[in-house]
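>>> Just a sequence and a predicted model for now, questions to come.
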Amino acid sequence: MMPLDRELVRVLVDLLLFLELNEDETVSPAAAAGCLDDVAAAFDELGESDRAALATLFTQVAGERAIESVGKVHRLAGVLGLSGI
């Protein structure tokens, strides 16, 4: 993986965690769920090797988080269909 790939996944994880964990007044639950569904659908279009690479990057990004956030990143990966991590 290229360093840019890892950085893009880190930013994507930050954004998706924000959507997943925000207060309802910040982003509507329907809008957040719609965004997560769109990302999950895009990930479903990836080939097996790309999904595996993405799952690996999610694991690496999770390892960079504070211990209380690691589970949130893993749960997010499951929501997005990257349950292999």
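Arrived safely.

>>> what's the neighbour count on the nearest residue to residue 12 once chain neighbours are set aside?
Counting by C-beta to C-beta, 6 or more residues apart in numbering, residue 12 lies nearest to residue 39, which is 7.8 Å off, once chain neighbours are set aside. All C-beta spots, glycine's among them, are computed from the backbone N, C-alpha and C. Counted with other C-beta atoms under 10 Å, the burial measure for residue 39 works out to 18 neighbours.

>>> do residue 43 as well
Counted with other C-beta under 10 Å, the burial measure for residue 43 works out to 16 neighbours.

>>> is it true that it touches residue 83?
No: when contacts are counted by C-beta atoms under 8 Å, residue 43 is not listed as touching residue 83 (11.0 Å).

>>> and the residue nearest to residue 12, what element?
Assigned by DSSP states H and E, residue 39 belongs to helix 29-44.

>>> Distance from stretch 47-60 to the middle of the chain?
Centre-to-centre, stretch 47-60 and its host chain are 11 Å apart (C-alpha atoms, centre = their mean, to the nearest Å).

>>> Other residues contacting it?
Judged by C-beta atoms under 8 Å, 6 or more residues apart in numbering, the contacts made with stretch 47-60 from elsewhere in the structure are 1, 5-6, 9, 13, 43, 46, 73-74, 76-77, 81-82, 84-85.

>>> mind listing the helices for the chain?
Listed from the start of the chain, the chain has helices (DSSP state H) covering 3-21, 29-44, 48-63, 67-79.

>>> Give me the buried positions along the longest one.
Read that as helix 3-21. The neighbour-count criterion (16 or more other C-beta atoms under 10 Å) identifies 9-10, 12-13, 16-17, 19-20 as the buried residues of helix 3-21.

>>> ok, the residue nearest the centre of the chain - contacts?
The residue at the geometric middle of the chain, judged as the C-alpha nearest the mean C-alpha position with C-alpha atoms, centre = their mean, is residue 13 (4.3 Å). With contacts defined as C-beta under 8 Å, 6+ apart, the neighbours of residue 13 are 58, 61-62, 73, 76.

>>> Many thanks, I have nothing further to ask.
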